[in-house]
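**Student:** Got a predicted structure plus its sequence, pasted below:
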Amino acid sequence: MEKQYVIDDFKMGESWRLFKIMGEFVDGVEALHDLGPAVSIFGSSRIQPDDPVYKSAEKIGALFAKNNFAVITGGGGGVMEAANKGAAKAGGTSVGLNIFLPFEQIPNEYSNIKVGFKYFFIRKVMLVKYALAYIIMPGGFGTLDEMFEAVTLIQTHRIKPFPVILVGSDYWSGLLEWIKSRILEDERISPHDLDIIQIADKPEDVLKEVQKLVII
């Protein structure tokens, strides 16, 4: 039986796992290298279809698909399912980059391009590399991880200054206020670093923010 804690598996004599890692990179690049303009949409896998956040994510996915963007998600349920569903039903390219977990993550049925990953860090590379904007819906630790990954890469000039848009001022305003009152006030970041993050409430405004900053 394969071990659950995959990061702990790099021990003497187990360097062959590096070939698995390379294989996952190859699979991701081959599937996505000619994807065209795309946005990555992040958010909780635990949100149900009757939740307003689910409905918002579905509409956002549809709007981007109708405006010639592929929609990339983590391929699971909740926000990911909603965004893939919206894109697929609008006739667009709907990409699901699923992570294999011992619980919770089951691939949704609405992605028409599917790639599976064992390693989170490879999946995150694909979610960042092939998108021109990052749409952050309400979510938990995984969503925060993905958001700050994109923000840090932009801040350190490792990727272009693509839009990072937080959807839902009621959900995200507390975090932004803490960033301003603690991190900025303590000079852990520069004032212009705050410009990396935008906030929007309506799906149409999310699309407009991206179209304003991204030309396709």
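**Tutor:** That came in fine, so what should we check first? The structure displayed is predicted, hence computed values, not measured ones.
**Student:** His192: what secondary structure?
**Tutor:** Following DSSP: H, G, I helix; E, B strand; the rest coil, we place His192 in the helix state.
**Student:** Near it, how many other residues are there?
**Tutor:** 8 (other C-beta atoms under 10 Å). Any C-beta I mention is one placed from the backbone N, CA and C, and that applies to glycine too.
**Student:** do Ser181 as well
**Tutor:** For Ser181, using other C-beta under 10 Å, the count is 10.
**Student:** gap between it and Ile106?
**Tutor:** The gap separating Ser181 from Ile106 is 39 Å, by C-beta to C-beta, to the nearest Å.
**Student:** How about Arg158?
**Tutor:** Distance from Arg158 to Ile106, counting by C-beta to C-beta: 32 Å.
**Student:** More neighbours: which of the two?
**Tutor:** The neighbour comparison of Arg158 against Ile106 (other C-beta under 10 Å) goes to Ile106, with 13 against 9.
**Student:** give me every residue that touches the more buried one.
**Tutor:** Contact analysis of Ile106 by C-beta atoms under 8 Å, 6 or more residues apart in numbering lists Gly76, Gly77.
**Student:** 10 Å - rerun?
**Tutor:** Ser45, Gly75, Gly76, Gly77, Glu81, Asn98 (C-beta atoms under 10 Å, 6 or more residues apart in numbering).
**Student:** what do you get for Ala57?
**Tutor:** 41-44, 47, 51, 71, 73, 78-86, 135, 137-138, 167, 203.
**Student:** Check those residues for burial and list the buried ones.
**Tutor:** 41-44, 47, 51, 71, 73, 78-86, 135, 137-138, 167, 203 (16 or more other C-beta atoms under 10 Å).
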